[in-house]
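I'll drop the sequence and a predicted model, then ask my questions.
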Amino acid sequence: MINVLFFGQLREQLDCDALTIDLDKLPVKTIDELIKLLSQRGELWQQLLQQETTLVACNHEVVKRQASIKVGDEVAFFPPVTGG
């Protein structure tokens, strides 16, 4: 299992704060494959998660979409952070 978290505007727009996904039953090995899987939930999911500006962290570290994921990981999606 992996835990998938959504933060900020993504959480509000998707109306979802967290999901648990069983990797043993799905052929998901990378963040990019996870995004493709989650995109099957609907057009809004696809639009928001596939944006280049959407940031992804695995186990509290920002990663590229080609990064590997494994059982026990925590993957978080969040909008770009701005300061001011």
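Thanks, I have it.

Low-confidence ranges, the chain, go.
Scanning the chain with the threshold set as pLDDT under 70 gives 82-84.

all strands for it, in order.
Ranges of strands in the chain, per DSSP state E, are 2-6, 18-21, 55-58, 61-62, 74-78.

The fourth one pairs with which strands, parallel or anti?
Sheet pairing of strand 61-62 (DSSP bridges) gives strand 55-58 (antiparallel).

just to revisit the earlier point, could the strands of the chain go into a markdown table alongside distance to Leu37 and mean neighbour count?
Heads up, the C-betas are built off the backbone N, CA and C, glycines and all. Below are the strands of the chain laid out as a markdown table (distance: least, CB to CB, whole Å; neighbours: other CB atoms under 10 Å):
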| stretch | distance to Leu37 | mean neighbour count |
| --- | --- | --- |
| strand 2-6 | 10 | 18 |
| strand 18-21 | 7 | 13 |
| strand 55-58 | 14 | 18 |
| strand 61-62 | 20 | 10 |
| strand 74-78 | 11 | 19 |
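
Tabulate those strands in TSV, adding columns for distance to Leu48.
Formatted as TSV, these follow (distance: least, CB to CB, whole Å):
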stretch	distance to Leu48
strand 2-6	9
strand 18-21	14
strand 55-58	12
strand 61-62	17
strand 74-78	8
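
Identify whichever of these lies nearest to Lys29.
Nearest of the strands of the chain to Lys29, taken as CB to CB: strand 2-6 at 11.2 Å.

Run the angle between the closest one and strand 74-78 for me.
20 degrees (axes from the mean of the first three to the mean of the last three CA atoms, to 10 degrees).

which residues touch strand 2-6?
For strand 2-6, contacts defined as CB atoms under 8 Å, 6 or more residues apart in numbering pick out 14, 16-21, 23, 34, 38, 69-78.

Adjacent strands (with direction) for it?
strand 18-21 (antiparallel), strand 74-78 (parallel).

now those as JSON lines including distance to Leu5?
Converted to JSON lines, these look like this (distance: least, CB to CB, whole Å):
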{"stretch": "strand 18-21", "distance to Leu5": "5"}
{"stretch": "strand 74-78", "distance to Leu5": "4"}
